[in-house]
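Novice: What follows is a predicted protein model with its sequence.
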Amino acid sequence: MREQIIKNIAVLEQNKLAGKKGGKKTQQGSLATSEEAIALFLSTNEFTSYTKAAEALYPQIVEIGKKHDFIFNSVVNGHRTVINWFRSTERFKKQKV
C-alpha cells in the first residue's frame, strides 16, 4: 500500500512538471509579442490614449504575433489585450498633486 502511494505521488509530481513546461511554452509567444508591442508603443508619442494607440498599432502587432507563433482569438479581444499591455506601462497615469 505504501509503495503504491509513493508511486502515485511520483506520477503526480511528474505531471505537475510537464504541465508547467507546457504552460511556459504556450505563453512564450504571448510574452514575446507583448514585449515588442510595448516597445513599439513607447517608441512613439503620437497617441493620446491607450485605446487610440491599440487601434492604430493593432495590425502591426498582429504581424509581430505571427512572427512569434501567437494568434489573437478575435479582433475585439485582441484590442482589449493590447490595451491591457499598454496600460501596464502606466504612460498616461495621472499625477497626483
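Specialist: Great, that's in hand.
Novice: Contacts only, for the most centrally placed residue in the chain.
Specialist: By C-alpha atoms, centre = their mean, the mean C-alpha position of the chain lies nearest to residue 30, the distance being 4.0 Å. Counting by C-beta atoms under 8 Å, 6 or more residues apart in numbering, residue 30 touches 68, 70. (Each C-beta comes from the backbone N, C-alpha and C, glycine too.)
Novice: Can you list phi and psi of residue 89 for me?
Specialist: For residue 89, the backbone dihedrals are phi -80, psi -20 (criterion: degrees, to the nearest 10).
Novice: pLDDT on the longest helix seen in the chain, on average?
Specialist: For the chain, the longest helix by residue count, based on DSSP state H, is helix 2-42. Confidence for helix 2-42, expressed as mean pLDDT, is 80.
Novice: helices and strands around whichever helix or strand comes after it, which ones?
Specialist: Following helix 2-42 in sequence order, the next helix or strand is helix 50-67 (DSSP states H and E). Of the remaining helices and strands, those touching helix 50-67 by 3 or more C-beta pairs under 8 Å, 6 or more residues apart in numbering; DSSP states H and E are helix 2-42, helix 75-87.
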